[in-house]
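[1] I need the structure of the sequence given here:
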Amino acid sequence: MPAALTLIRRTIEDHCPPGVLPSEEAANGLYGLGLMDEAEALAAAIVATIDQMQLRVMTKPPSPSIK
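    Next up, the predicted model:
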């Protein structure tokens with residue numbers, strides 16, 4: 001895997017919620033063995049992270065107003 005994809009994978013693994021990115025072996029089985037397949041897995045992980053963040057924001061009750 002090229003260094004750029006490895007860097008992106010490691011960053012997602014370090015900073016995104018657990019479970020949004022399958023292991024390299026699982027991603028190979030789910031998406032395929034090619035570079036574009038790995039890129040698709042990484043893109044899906046980014047989208048899943050954004051979806052989770054938006055869900056948390058939408059379900060968080062508003063802060064009480066200070067008077």
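
[2] Return the set of buried residues in stretch 1-10.
    Buried residues in stretch 1-10, defined by neighbour count with 16 or more other C-beta atoms under 10 Å: 8, 9. Heads up, the C-betas are built off the backbone N, CA and C, glycines and all.

[3] Any idea how far that stretch is from the middle of the chain?
    How far stretch 1-10 lies from its chain's middle: 14 Å, per C-alpha atoms, centre = their mean, to the nearest Å.

[4] now do stretch 36-54
    With C-alpha atoms, centre = their mean, you get 4 Å for stretch 36-54.

[5] Which residues does it contact?
    Stretch 36-54 has contacts (C-beta atoms under 8 Å, 6 or more residues apart in numbering) with 1, 5, 8-9, 12, 16-17, 20-22, 24, 27-28, 30-31.

[6] The same query, at a cut-off of 6 Å, please.
    Stretch 36-54 is contacted from outside by 5, 8, 12, 16, 17, 20, 21, 27, 31, using C-beta atoms under 6 Å, 6 or more residues apart in numbering.

[7] Provide a list of residues in contact with the last one.
    Under the criterion of C-beta under 6 Å, 6+ apart, the contact list for residue 31 reads 37, 40, 41.

[8] Which members of the contacts of stretch 36-54 are positioned in strands?
    Among the contacts of stretch 36-54, no member falls in strands (criterion: DSSP state E).

[9] All good on my end, thank you.
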